[in-house]
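> this is a predicted model, with the sequence first.
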Amino acid sequence: MPIRLLPQQLINQIAAGEIVERPSSVLKELLENSLDAGATRIDIDVEQGGVRRLKVTDNGCGIPKDELSLALSRHATSKIADYGDLTHVTSLGFRGEALPSIASVSRLRLTSCTDSDSNGWCVEGDGGDHIEPPRPAPHAVGTTVEVRDLFFNVPARRKFLRKERTEFIHMDSLVSRIALSRFDVVLDLRHNQRCIRKYRVARKRQAMEQRLSDVCGSRFVQQSVYIEHSGSGLRLWGWMGLPTFSRSQADLQFFYVNGRMVRDKILIHAVRQAYRDVLFHGRHPAYVLYLEMDPALVDVNAHPSKHEVRFRESRLVHDFLFHTLKKVIADLRPGDAPNQAEHHRRLINENPAASNRQDAGTVNATANQADSQLPLPVSTTSVAQQMGLYRRLAETAAEYVGEEIHALSKGDEANEIPPLGYALAQLHGIYVLAENKRGMVLVDMHAAHERIVYERLKRDFEAQGVRSQPLLVPFGLTVNRSEAEVAEQHREMFESLGFELDRLAPEKLLIRRIPGMLSDADIPQLVHDVLSDLLGQGSSSRINDAINAVFSTMACHGSIRAHRKLTLAEMNSLLRDMEHTERAGQCNHGRPTWVQLGIEQLDKMFKRGQ
Ligand code: ADP
Ligand code: MG
C-alpha cells in the first residue's frame with residue numbers, strides 16, 4: 001500500500017481507541033468538561049448501561065454559538081493556547097480530543113447556551129465528518145451533551161462491552177470518584193429513569209464525611225483519621241484508614257493531585273511504605289488523600305486518559321508523602337482523640353536524617369474512631385504528667401494492690417487516670433484487664449509487648465547504626481552495566497546500611513561487607529533486588545525491610561509469652577509502655593493490641609437504663 005494521509009474520521013476513531021474504552025470513559029470526559037466549565041450542578045442520565053444513551057447536563061459557562069462546531073473538531077480547545085500554558089495546566093482537559101473522538105464512534109448532540117445568548121444552540125454528529133451548522137434549541141445557561149448508540153459504527157469495540165449492569169457499575173464508581181474530588185458540586189445520577197445517587201454540596205467536615213461514607217462506607221469513616229499537613233510547597237489532606245482497617249484488595253485507595261484522580265506509581269509506593277510496618281503481609285491500606293501543589297510542578301500530559309502524572313520533583317513528593325503519613329501512623333496510640341474533639345499535635349522529627357528534606361510542620365490528625373477503641377481525648381502533655389504521677393506512685397507504692405493505687409490516683413483530683421487506665425487482673429494468662437475513665441480496657445499482652453520490643457529494637461538500631469561484618473570470602477556478583485553504575489552511585493547508601501560493594505569490572509560487583517544481622521539472608525538476591533528498585537524507582541527499602549523482618553522475629557521471641565503470670569506492677573508498666581510507644585495500637589502483624597469497652601456499651605449489654 002502506498003503511504004497516504006488518513007481521513008479525519010479515521011484519525012478520530014484511532015484517538016477514540018485510546019480515550020473511549022467504554023461508557024464510563026465517555027462519562028469521565030464529559031464530567032471533566034463540565035467541571036472545567038465551572039459547573040456547580042451536573043445531572044447524569046443514563047440508559048441501558050450508557051450504551052443506548054448517556055446524557056450529561058451542567059450549569060457551567062456554556063459554549064458560544066460560533067464555537068459549537070469547533071468543539072467537535074480535533075485538537076480544538078479553549079483551555080490552552082501555547083506551550084507555556086501546557087506547562088501549568090489547571091484544567092482537567094487540555095488536549096481537545098475528547099468530543100471529536102466520542103463523536104466519531106457515536107451519535108452525539110451538543111446543546112449549549114452562554115449568558116450572553118438569548119437562547120441555546122445545538123449541533124449534531126452521526127459518526128461521520130460532516131456537521132450541520134448550529135440550529136436554535138432551548139437550553140438554560142450551561143451545556144448538555146447527549147451520546148447515543150456508542151460504538152454503533154465500531155462493531156469490534158461493541159463486542160467488548162459487558163452486560164448493562166457491569167457497564168453501569170463502572171459509571172457509578174466513576175461518578176463516586178468524581179464526587180470525592182469536588183465536594184462543592186452537586187451530582188445527580190439516574191439510570192433507566194431511576195434516581196441512583198444524589199451527592200449534595202458538602203462544605204463542612206461532617207457533610208464531607210457523609211459523602212465519604214456514601215462512597216467508601218461508614219466503617220471507613222469511623223476507622224480513619226483526618227489529616228492535614230503542609231510543607232515544602234505541598235499540601236496533603238484527607239482521610240487515612242487505621243492500620244487495623246486494612247483490606248485484602250487495593251480497592252479503597254483514592255488519590256487526587258490538584259483535584260485530578262490519579263493512579264501513580266510513586267504515590268502508591270510512598271503510601272505503602274508508610275504503612276509498611278503496621279500491615280500484615282498482603283493487606284492493603286485504605287485512604288482518600290488529596291495532594292495540592294503548584295501546577296507547574298506536575299506534568300499532566302503523560303497519558304491520553306490523563307490518569308498518570310509526572311512530578312518535576314518526584315523524590316520530594318515521595319518523601320513528603322511518606323514522612324507525613326508515617327508520622328501520623330506512628331502517632332496513633334492509645335489515648336488519642338476521637339472525632340468529637342479537634343486535636344492538634346506538634347510533629348517531632350523522629351528520624352532527622354531521613355526527614356530533613358521536609359520541614360517538620362504540623363500534622364493535624366483527628367481519629368474518627370468514635371466508639372470502638374479510643375478513650376477520652378488526652379493531650380500529649382497530660383499523658384506525660386500522668387506518667388510522672390504513675391512513676392511516683394509506682395516507686396512509693398510498688399506493692400500496693402491495684403485498687404489502692406487506683407484509689408490514690410482518684411483521690412487526687414488534679415491528676416487524671418492514664419489513657420489505658422490501671423490493671424485489675426490477668427485473664428487466662430493472655431489478656432490484661434484494666435479500668436480507665438471510659439470503662440474497661442482489654443490488652444493482648446503478647447501482641448502489645450511484641451510491638452513495644454520491636455519499636456525499641458528499631459530505635460536502638462537508628463541510634464547506634466548498623467554493625468557491619470566483613471565476609472571471609474567476598475561474594476562476586478554479575479550484574480549489567482546500568483546496575484553496576486547505580487551501585488556505584490549509591491555506594492554511600494549501601495555503606496550506611498552496612499554493605500561494602502566494589503565494582504570489579506564493568507559488569508561485576510564484589511560484596512566485601514554485609515550487616516551482621518543479615519548473615520542468614522540471601523545476600524546476592526537482596527542486592528540484585530535493591531539494584532533493580534534503584535533503577536526502576538530511584539529508591540529501595542529492601543535492606544531496611546530485611547532488617548526490620550529480623551527485628552520482628554526477635555521481638556516475637558523476646559516478648560512476654562502467653563500464660564506468664566504478671567504482677568499488677570508489671571501489667572501497669574506494660575500499659576504505660578504502650579502509651580509511650582509508637583504504633584502501639586497494632587502488633588507487628590496489624591492485629592489490634594487492645595480494645596476499649598465503654599461503660600455505655602456495658603450498660604447496653606446489660607440493658608441498664610432502658
Ligand atoms: P478539552 O477538554 O481537552 O479542551 P474536549 O474535546 O473535551 O477538549 O472539549 C473541547 C472544547 O469544548 C473545550 O475546550 C471547551 O471549550 C468546550 N466544552 C466541552 N464541553 C463543555 C462544557 N460542558 N461546557 C463548556 N464548554 C465545553
Ligand atoms: Mg475535555
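Thanks, I have it. Residues are numbered from 1 along each chain as shown. Ligands and ions are numbered 1, 2, ... in the order given.

> confirm that residue 494 sits in a helix.
Yes: residue state for residue 494 (DSSP: H, G, I helix; E, B strand; the rest coil) corresponds to a helix.

> contact partners of stretch 162-169?
The set of residues that contact stretch 162-169 without belonging to it, under CB atoms under 8 Å, 6 or more residues apart in numbering, is 22, 23, 24, 46, 48, 49, 50, 51, 161, 191. For glycine as for every other residue, the C-beta is placed from the backbone atoms N, C-alpha and C.

> who's in contact with the last one?
So that's residue 191. Contacts for residue 191 were tallied using CB under 8 Å, 6+ apart; they are 46, 47, 168.

> which of those residues sits closest to residue 187?
The shortest gap between residue 187 and any of the contacts of residue 191 belongs to residue 46, at 12.8 Å (CB to CB).

> for residue 441, give the beta-bridge partners.
For residue 441, the beta-bridge partners under DSSP bridges are residue 434, residue 596.

> burial of it, as a residue count?
Residues near residue 441, counting by other CB atoms under 10 Å, number 26.

> and the pLDDT at it?
In the prediction, the pLDDT value recorded for residue 441 is 93.

> buried sites along stretch 286-306?
If you call a residue buried by 16 or more other CB atoms under 10 Å, then stretch 286-306 has these buried ones: 286-291, 293, 297-301, 306.

> same check, this time on stretch 485-505
Judged by neighbour count using 16+ other CB under 10 Å, the buried positions of stretch 485-505 are 485, 486, 487, 490, 494, 497, 498, 499, 500, 501.

> just confirm the second one is within a helix.
Yes: using three-state DSSP, the assignment for residue 486 is a helix.

> wait, it sits on residue 535?
Yes: when contacts are counted by CB atoms under 8 Å, residue 486 is listed as touching residue 535 (5.5 Å).

> before we move on, the earlier item: could you dump the buried residues of stretch 485-505 into CSV with distance to ligand 2 added?
Rendered in CSV, the data for the buried residues of stretch 485-505 read as follows (distance: CB to the ion, whole Å):
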residue, distance to ligand 2
485, 42
486, 40
487, 45
490, 42
494, 47
497, 47
498, 52
499, 50
500, 54
501, 50
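
> farthest-separated two in those residues?
Comparing the members of those, the greatest separation, given CB to CB, is between 485 and 498, at 21.7 Å.

> number of residues surrounding the residue lying closest to residue 182 once chain neighbours are set aside?
Setting aside the residues directly before and after it, residue 182 is nearest to residue 35 in space (CB to CB, 6 or more residues apart in numbering), at 6.3 Å. Each residue near residue 35 was counted by other CB under 10 Å, and the total is 21.

> quick check: which element contains residue 35?
Secondary structure here is read from DSSP states H and E; on that basis residue 35 sits in helix 23-36.

> that helix - contacts with which helices or strands?
Counting by 3 or more CB pairs under 8 Å, 6 or more residues apart in numbering; DSSP states H and E, the packing neighbours recorded for helix 23-36 are strand 41-47, strand 53-58, helix 98-104, strand 142-148, helix 164-181.

> now, of those, which is deepest in the fold?
Relative to the other members of those, helix 98-104 carries the highest mean neighbour count by mean count of other CB atoms under 10 Å, namely a mean of 26.

> ok, that one near ligand 2 or not?
Yes: with CB under 5 Å from the ion as the measure, helix 98-104 is seen reaching ligand 2 through residue 98.

> quick one: contacts of whichever helix or strand comes after that helix?
As assigned by DSSP H and E, the chain's next helix or strand after helix 98-104 is strand 107-113. For strand 107-113, contacts defined as CB under 8 Å, 6+ apart pick out 62-63, 68, 71-72, 99, 102, 119-127, 137, 139-149, 152.

> which residues of the stretch 1-150 of the chain score low on pLDDT?
Using pLDDT under 70 as the threshold, the predicted model of the stretch 1-150 of the chain has no low-confidence range.

> and the residue of the chain nearest ligand 1?
When CB to the nearest ligand atom is the measure, the chain has its nearest residue to ligand 1 at residue 93, with 2.4 Å between them.

> verify the stated contact: that residue with residue 31.
No: under the contact definition of CB under 8 Å, residue 93 does not touch residue 31, with a separation of 10.4 Å.

> of these two, who's got more company?
More neighbours surround residue 31 than the other of residue 93 and residue 31, with 25 against 21 (other CB under 10 Å).

> where does this protein dip in pLDDT?
Judged by pLDDT under 70, the chain has its weakly predicted residues at 333-415, 562, 588, 610.

> mind naming the longest strand for it?
Longest among the strand segments of the chain by residue count, using DSSP state E, is strand 468-478.

> so what secondary structure elements neighbour it?
Based on contacts counted as 3+ CB pairs under 8 Å, 6+ apart, the elements that strand 468-478 packs against are strand 508-515, helix 523-537.

> and the last one, how far from the chain's centre?
Read it as helix 523-537. Distance of helix 523-537 from the chain centroid (CA atoms, centre = their mean, to the nearest Å) equals 26 Å.
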